[in-house]
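In: what's the 3D shape of this:
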Amino acid sequence: MRLTDPRVLTTLILGMMFTGVFAYAVYTASLDGSVFQAPTIKADVFYVGAQTLNNYILSVAPGGAGGFYPQPSTYLIYKTGGGTYVSQNQLTGVNSTNANFVTLINTVFSACSAGDTIHVKAGSYVVGATITGQTGVNLSGEGYGTIFGGSTMAASDTMIEYTGVSGAAVNLSANAAILDNHVHVAAGDEAGFAAGDLVFINSSAVWDGNTLNQKQGEFFHVGSTGVGLVNLVTYESLMGTYATASTAHLHKVTPVRDFVIENIHLTGDGATAVDGIYITNAENVVVRGVSALGVNRRAIAFTNVLSGKVTGCSLNEINQAGFGYGVVLEYASQGIVVSDNTFFNCRHAVAIGGGSLAGIPRGISVNNNYASSSSADANYDCHDVGESITFSNNVSLGGSYGFAIRAHTVVVSGNVVNGAATVGIQLDSAEFDSCLVSLNSVMNTPTAIRTMPGSVNIHLIYNDLGNCGTGVNDDAAGTQIVSLS
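Out: Below is the predicted model of the structure:
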């Protein structure tokens, strides 16, 4: 096998850098865009690849095998020539009408059950308030022809939102450590949990001593319970340490789950700080084939999402100061793939981490994306701490930085960076530990690769650096480059 084979590079990472240190990580990002070790990404097995044909959705068969099969849309929504919005129940043939699109579609969502699909025909739809998705209900359009216009929305409004519920806190009765597959609670408190539940564990402790004050936090699934005991499913174990002295506690999460948003064009006015798609406390979701223009705050935001994918999207002119995210993965988002998207003039094309709530993003794979901008920031940005993150085979044109990375256990490999105004690849500060930077092409930038004070355990291997003022800038004491070739 060649060095560029994902399995070779993954072995290199684990063998050279993380032996015995990061072996507890449940999610391991590989360079081919997958996330392996259980639980694996499940989000490709339903309603992916949708197209329209006689009001049916063609979707990839479960498991990705067997080609396409028809999946009927439960509701069809369209706009009449007179400007009235119509929903048609595809099972009963009953129509409903409303002059307000959001009122109509939210009524349809409320009438749906898990597994249903709302298909919106090509047309222009005014989104003046939030569309509220429901668990298990897919939202599908017809690409650029299905336009959701949010130009009348107010600052901080959201166009499409799917939100799960996090329950009350249950305190731990004993400390829990990395690799533990159970946690202790007071006798009787286990009654609030059952096999299969999704649980968020967190504490007030700062994760790994980072100066950004990001708190411990992660998801797990319940396998079983006993008196004063909540057991994780057999293939999961804790990735952090949780102490009773730091008020470590559990929340049962009732997630929105198992849905796809696809083939919709979102527009804003290019100035108002509007969110396009916001998904929180969710599991097993896909956003694909979505385009956005001038949705100025966050085009697609995952907050505390377990197992998801953003793919085939085109996100443009997302540039509000302090936000301006094409795709942002916040807090304890775990097991997420961001692949095959294009970004133009976003402040950050892809941002990982953010905010002051508990939770560390882990198991993130960002691959095969194209980003071009004139931003004064980084196209690809780990702007808070994270762990087990891969950036592979991406293109970055312009921006101040191609990649600005602040995380642990990172692979930056096979990327092209051209014309960054400041630095091609920057490895940032004491929040950075253990990185393989390999097989990248960096050109036409003042500094190709820069390691900031406190960055340790860095491997720079076989990078092609061209027409750069400085190749590698080992910026300060405390930086540790283990290998350079």
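In: Which residue, other than its chain neighbours, is closest to residue 226?
Out: residue 190 (6.7 Å; C-beta to C-beta, 6 or more residues apart in numbering). (C-beta placed from N, C-alpha, C; glycine too.)
In: Correct me if wrong: residue 412 contacts residue 442.
Out: No: here residue 412 does not reach residue 442: they are 10.4 Å apart, not a contact under C-beta atoms under 8 Å.
In: overlap in contacts of those two?
Out: residue 425 (C-beta atoms under 8 Å, 6 or more residues apart in numbering).
In: if we can go back for a sec, and the residue nearest to residue 226, that one's in a helix?
Out: Yes: the assignment for residue 190 by DSSP: H, G, I helix; E, B strand; the rest coil puts it in a helix.
In: List the residues that contact it.
Out: By C-beta under 8 Å, 6+ apart, the residues touching residue 190 are 225-230.
In: and those, which two are the farthest apart?
Out: 227 and 230 (10.8 Å; C-beta to C-beta).
In: ok, the two, which is more surrounded?
Out: residue 230 (27 against 11; other C-beta atoms under 10 Å).
In: what pLDDT, on average, does the helix or strand that one falls within get?
Out: Assessed by DSSP states H and E, residue 230 sits inside strand 229-232. Averaged across strand 229-232, the pLDDT comes to 98.
In: same for it, what does it pack against?
Out: strand 182-184, strand 215-226 (3 or more C-beta pairs under 8 Å, 6 or more residues apart in numbering; DSSP states H and E).
In: Describe which strands it pairs with in its sheet and in which direction.
Out: The strands beside strand 229-232 in its sheet (DSSP bridges) come out as strand 182-184 (antiparallel), strand 215-226 (antiparallel).
In: my guess is residue 217 meets residue 240, correct?
Out: Yes: assessed by C-beta under 8 Å, residue 217 is found in contact with residue 240 at 7.4 Å.
In: Which strand residues bridge residue 364?
Out: Beta-bridge partners recorded for residue 364 (DSSP bridges): residue 336, residue 389.
In: Quick one: residues contacting it.
Out: 29, 329, 333, 336-338, 352, 386, 388-390.
In: run the last query once more with 7 Å
Out: Residue 364 makes contact with 29, 329, 336, 352, 386, 389, according to C-beta atoms under 7 Å, 6 or more residues apart in numbering.
In: Next: residue 333.
Out: For residue 333, the contact set (C-beta under 7 Å, 6+ apart) comprises 302-305, 361.
In: Find me the pLDDT at it, would you?
Out: In this model, residue 333 is scored at 94, pLDDT.
In: That one and residue 315, how far apart?
Out: 17 Å (C-beta to C-beta, to the nearest Å).
In: so where's the protein uncertain?
Out: Along the chain, segments meeting pLDDT under 70 span 1-72, 209-212, 354-357, 384, 429-432, 475-485.
In: Kindly recompute the last result at 50.
Out: Filtered on pLDDT under 50, the chain yields the residue ranges 1-4, 6-71.
In: Which secondary structure state does the most far-flung residue of it relative to its centre sit in?
Out: Distance from the centre of the chain peaks at residue 82, with 39.5 Å (C-alpha atoms, centre = their mean). Recorded secondary structure, residue 82: coil (three-state DSSP).
In: all strands for the stretch 151-300 of the chain, in order.
Out: For the stretch 151-300 of the chain, the strands defined by DSSP state E, counting those that start in this stretch occupy 158-163, 165-171, 182-184, 198-206, 215-226, 229-232, 249-254, 256-262, 265-267, 275-288, 291-293, 298-311.
In: Looking at these, spot the one closest to residue 406.
Out: Among the strands of the stretch 151-300 of the chain, strand 198-206 comes nearest to residue 406, with 14.4 Å by C-beta to C-beta.
In: helices or strands next to that closest one in the packing?
Out: On a contact count with 3 or more C-beta pairs under 7 Å, 6 or more residues apart in numbering; DSSP states H and E, strand 198-206 meets strand 215-226, strand 249-254.
In: sorry, back to before: please report how far the residue nearest to residue 226 lies from residue 261.
Out: From residue 190 to residue 261 the distance is 36 Å (C-beta to C-beta).
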